[in-house]
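Engineer: Below are the sequence and a predicted model; questions follow.
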Amino acid sequence: SPRLTTERSELAEPTITGSALRTAAKLEYDWREQWYAVGYLEDMPASILSAPYAYSVFDEPLVFWHDGEALRCVADRCPHRLAALSEGAVEPDGSLRCFYHGWAF
């Protein structure tokens, strides 16, 4: 709990040290909120230029596709019915079309 300092008569923040600090840091770090290098473009299958490619990082399903200009990556699930976008198709305009209802991203 907060305590009064003897120097300024104001509340001071509680201090966490040692193993408690290391434990708190581990609990606060969210691995899913970080950027990760997942590989090199030249290591991706050649089919990625024409079809979606399913991949996962930390058990999070992802889908990669090439939109004609750049490699794109999103969660491998359509927001409508959570169908796997990797089962869809890359359209001529570079969008990724969900196989379930045809939504394009």
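Structural biologist: Happy to help now that I have it.

Engineer: where's the residue positioned nearest the centre of the chain relative to residue 51, distance?
Structural biologist: By CA atoms, centre = their mean, the chain has its centre lying nearest to residue 32, at 5.5 Å. In this view, residue 32 and residue 51 are 26 Å apart by CB to CB, to the nearest Å. C-beta here means a position set from N, CA and C on the backbone, and glycine is covered the same way.

Engineer: With residue 66 instead?
Structural biologist: On the measure of CB to CB, residue 66 and residue 51 end up 9 Å apart.

Engineer: do residue 37 as well
Structural biologist: Taken as CB to CB, the span from residue 37 to residue 51 is 22 Å.

Engineer: Give me the more crowded residue out of the two.
Structural biologist: Shown here are residue 37 and residue 51; by other CB atoms under 10 Å, residue 51 has more neighbours (14 against 6).

Engineer: Give the helix, strand or coil label for the more buried one.
Structural biologist: For residue 51, the assignment made with DSSP: H, G, I helix; E, B strand; the rest coil gives coil.

Engineer: do the same with the one 5 residues further on
Structural biologist: Classification of residue 56 into helix, strand or coil gives strand, according to three-state DSSP.

Engineer: Cool, thanks, signing off.
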